[in-house]
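Q: return atomic coordinates for the entry below.
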Amino acid sequence: MSELAYLNPGKREQTKLANRLAILDAARAVFSEMGYETATVRDIVRRTGLSVGAFYNYFRSKEEVFEALADDGARRFRPILHAQYVAATDFESYLRGAIRAYFEFIAAEQADRRGEAPMHEPQPHFRNTPEMLAVFEEVRTAFADVMERGLAPRVDLDYLATACIAIAREVGDTMLERQPVDTEAATEFCVRLVLGGLPALPRASP
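A: Presented below is the predicted three-dimensional model:
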């Protein structure tokens, strides 16, 4: 071990973290400007000042980088989602609060990238990252709780959580393509769509 490493044992980890964040920041900009399908690893690397070899010390592909970005977004959104569950008084208030919070979150994310060209192609959606699975469980648990308390019809929990997340995600993508971004209109559309269809769903066994 070098004298420098001995005196500052955290330096290497700090450098690794900084390089990883640089790659993620570069990838976020490249995907937004060029589109996911068009972007390459070399496009990402050019924004970082790192070598291609250094990139592969952290990620195996652009797909893995995109998954990391999705995981990071889910990690930051999950406490916001949980706060909606704590504040909710019934199924509708949770549904409305959760969807509005999600739309405001992604709108703020887009605003943070102001100046970059918006991506106009469908983005891939990864559902199996740890934080995204945690978001699904957060939604499923909230729905289970309101059903258990008799505040919502008993329907298939997995289908309902999956459907609500999918609706919010797809409507959110379209919402971001419109100017100005109207989170309230998008929220109202989703809530009315879910609540309007809920009575027609088959009831699940207790």
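
Q: what confidence value was assigned to residue 174?
A: With respect to pLDDT, residue 174 has a value of 94.

Q: number the residues from 884 up from this point.
A: Let's use 884 as the start, then, which means that last one is residue 1057.

Q: quick check: which element contains the closest residue to it other than its chain neighbours?
A: Counting by C-beta to C-beta, 6 or more residues apart in numbering, residue 1057 lies nearest to residue 1069, which is 7.9 Å off, once chain neighbours are set aside. Bear in mind the C-beta positions are built from the backbone N, C-alpha and C, glycine included. According to DSSP states H and E, residue 1069 maps onto helix 1066-1080.

Q: please save the CA atoms from that helix in CSV.
A: Extracted as CSV, the C-alpha positions of helix 1066-1080 are listed here (Å, rounded to 0.1, in the frame of the first residue of the first chain):
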residue,chain,number,x,y,z
THR,A,1066,-49.4,17.5,-13.4
GLU,A,1067,-52.9,18.2,-12.1
ALA,A,1068,-54.6,17.3,-15.3
ALA,A,1069,-52.6,14.1,-15.6
THR,A,1070,-53.3,13.2,-12.0
GLU,A,1071,-57.0,13.7,-12.4
PHE,A,1072,-57.1,11.6,-15.6
CYS,A,1073,-55.3,8.7,-13.9
VAL,A,1074,-57.4,8.8,-10.7
ARG,A,1075,-60.7,8.9,-12.6
LEU,A,1076,-59.6,6.1,-14.8
VAL,A,1077,-58.6,3.9,-11.9
LEU,A,1078,-61.6,4.7,-9.7
GLY,A,1079,-64.0,4.4,-12.7
GLY,A,1080,-62.8,1.0,-13.5
